[in-house]
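what's the 3D shape of this:
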Amino acid sequence: MKTFAFTITTIITVALASLVTAAPSEKRQFQAQIIFQGAPPEVAQFSMSVPTDGSVFTITNPLSISHIQSLGGATCSFFGIDESHTIIVGAQTVDVGPPQTQILGSCLAF
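The predicted model follows:
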């Protein structure tokens, strides 16, 4: 039941974020560059190019993630297997707490 409630909450959160931040008339579409870092980040990491149209994408890499880095241009939201919710706005690196496998994400261009 906990997983079902988490899934529903995740879908609602992503949908609302897409509605609130939708661009008025001009769509700026590109692939956001995201780097997922484990421990130590120099060795344990992977990257993804993800859509910035607000769609939800699946993350299939099982690595436990400590930090998520975006190279900029979008607001992104990531959801972990143990219910973490990490938001990145623009170019920055954000801690994931506690570290865990990430399973879903969504990004929207500025």
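
What's opposite the spatially most central residue of the chain in the beta bridge?
The chain has F78 as the residue nearest its centroid, 2.9 Å off, counting by CA atoms, centre = their mean. Counting by DSSP bridges, F78 forms beta bridges with T86, G105.

Do a quick rundown of the strands in this structure.
Secondary structure of the chain (DSSP state E): strands located at 31-37, 45-51, 53-58, 65-80, 85-100, 102-109.

Mean pLDDT for those - can I get that in CSV?
Shown next, in CSV, are the strands of the chain (pLDDT from 0 to 100):
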stretch, mean pLDDT
strand 31-37, 98
strand 45-51, 98
strand 53-58, 98
strand 65-80, 98
strand 85-100, 97
strand 102-109, 98
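
ok, A74 to Q92 distance?
Applying CB to CB, to the nearest Å, the value for A74 to Q92 is 11 Å. The C-beta positions use only the backbone N, C-alpha and C, and glycine is treated the same way.

same question, G72
The gap separating G72 from Q92 is 8 Å, by CB to CB.

ok, now Q33?
13 Å.

which residues do the two both contact?
S70 (CB atoms under 8 Å, 6 or more residues apart in numbering).
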